[in-house]
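Colleague: model this:
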Amino acid sequence: MVKGKIASKVAQGVTKRAKKAGAGAKAVAAAEGVDAILDDPYSQAAIGAVEGAALGAAVGGPWGAAGGALLGGVAGFVLADGERLVPCDMVAIPAYQYSALLTGREPTFQIYIKEGECIKPVVKTDLMEAQQILLEEEVMPTKRKLSAWQRYIKVKKNKIFFKSGKRKGQLNLKRMGIQYRKGRKK
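Modeller: Below you'll find the model as predicted:
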């Protein structure tokens, strides 16, 4: 969302490139709303492509937009939340121990991760829980008020049917409309 706000501020400029970036920023804002629902690598790649195109258009015009879309799509696909295969042997430390590591002290504990192991999210984040709650809630649509014509048609005594012909037994809406308009003139 921050990228969208930056691009929106850039779009307040006068140049054509800045205006294109503003359109891209609006697309990014829309994509961020979709991001909450779609959490697979392909949707992340699409969102990354939109963001890359918006930022690339601001810098390099149409060619910059194409290049930015390509790079953003690849980055979105690679960085998508979900399962990750570890590309090489790694050592993991707790986040709160990172500053101690930078100052030269040993972290309290370390985890060795072998190349090719799969890292999956185990605990749902606050965002994931909020999305699940929103999706589970059933939103009852509010009924809108019937128009005067719809109320007129509902009344049984106002119904006029065809008496003969191929449409026998069906509503004669033309005659009903005439009667309805006559009644409204009074």
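Colleague: for this structure, longest helix please?
Modeller: Using DSSP state H to define each element, the chain has its longest helix at helix 41-78.
Colleague: tell me which other helices or strands that one touches.
Modeller: In terms of contacts (3 or more Cβ pairs under 8 Å, 6 or more residues apart in numbering; DSSP states H and E), helix 41-78 is packed against helix 2-10, helix 16-35. Yep, even glycine has a C-beta here, placed from its N, CA and C like the rest.
Colleague: looking at the shortest one now, give me its mean pLDDT.
Modeller: Here the mean pLDDT over helix 2-10 is 50, rounded to a whole number.
Colleague: from here on, count from 683
Modeller: All right, first residue 683 from here; so that's helix 684-692.
Colleague: domains in this structure, by residue range?
Modeller: 684-763, 767-801, 830-867 (automatic domain parsing).
Colleague: comparing the ones you listed by mean pLDDT, which bottoms out?
Modeller: Averaging pLDDT over each of the domains of the chain puts domain 684-763 lowest, since it has a mean of 61.
Colleague: my guess is residue 798 meets residue 767, correct?
Modeller: Yes. Residue 798 is within contact range of residue 767, at 6.3 Å (criterion: Cβ atoms under 8 Å).
Colleague: what lines up beside the following helix or strand past the longest helix of the chain in the sheet?
Modeller: Counting by DSSP states H and E, the element after helix 723-760 in chain order, helix or strand, is strand 766-767. Using DSSP bridges, strand 766-767 pairs in its sheet with strand 800-801 (antiparallel).
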